[in-house]
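Trainee: Mind looking at a prediction? Sequence and model below.
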Amino acid sequence: MTTELTILALAGLLQAVQFCLYSVAATRQVGTKVSLGPRDIKPELSGIAGRLQRALNNHFEGLILFTLSVVVVTLGKQSSPVTETCAYLYLIARVLYVPAYAYGLSPWRSVVWTVGFFATITMLIAALI
């Protein structure tokens, strides 16, 4: 398995961890009755629970582009030290993004997001040249 695929698998596990963190925080905020209910009316989350929810959604969005990048690099047999480094940077950025967003660390949340985004774009460009 390529380094990029391994990091994609780790990013998937990070997504699962983020989901658990968000679920626990949301349940603490709205209670188990709402959490286990049909959610016909979406509860509004605030504070850390709301920020963890938005960080989770952001990772879903970023993971789509990162997955595409890993697929292009892997199927195109374009793995290189550059793409491997970019994959590591993406994962590190995503790990750092969770506490940066959860605790409202501005401007670090945006800086960390930018590192992960540009690492992903660099992987795509590296696969094309």
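Mentor: Yes, it's here.
Trainee: Name the SS class of the residue most central in space within the chain, please.
Mentor: Residue closest to the average C-alpha location in the chain (C-alpha atoms, centre = their mean): His59, at 2.8 Å. Three-state assignment for His59 (DSSP: H, G, I helix; E, B strand; the rest coil): helix.
Trainee: what stretches of the protein score poorly on pLDDT?
Mentor: 34-37, 39-40 (pLDDT under 70).
Trainee: just to revisit the earlier point, now do the contacts for the residue nearest to the centre of the chain.
Mentor: By C-beta atoms under 8 Å, 6 or more residues apart in numbering, His59 lies in contact with Leu14, Gln15, Gln18, Arg94, Tyr97. (Glycine included, C-beta is placed from N, CA and C.)
Trainee: how far away is it from Gln18?
Mentor: 6 Å (C-beta to C-beta, to the nearest Å).
Trainee: How about Tyr88?
Mentor: Here Tyr88 is placed at a distance of 19 Å from Gln18 (C-beta to C-beta).
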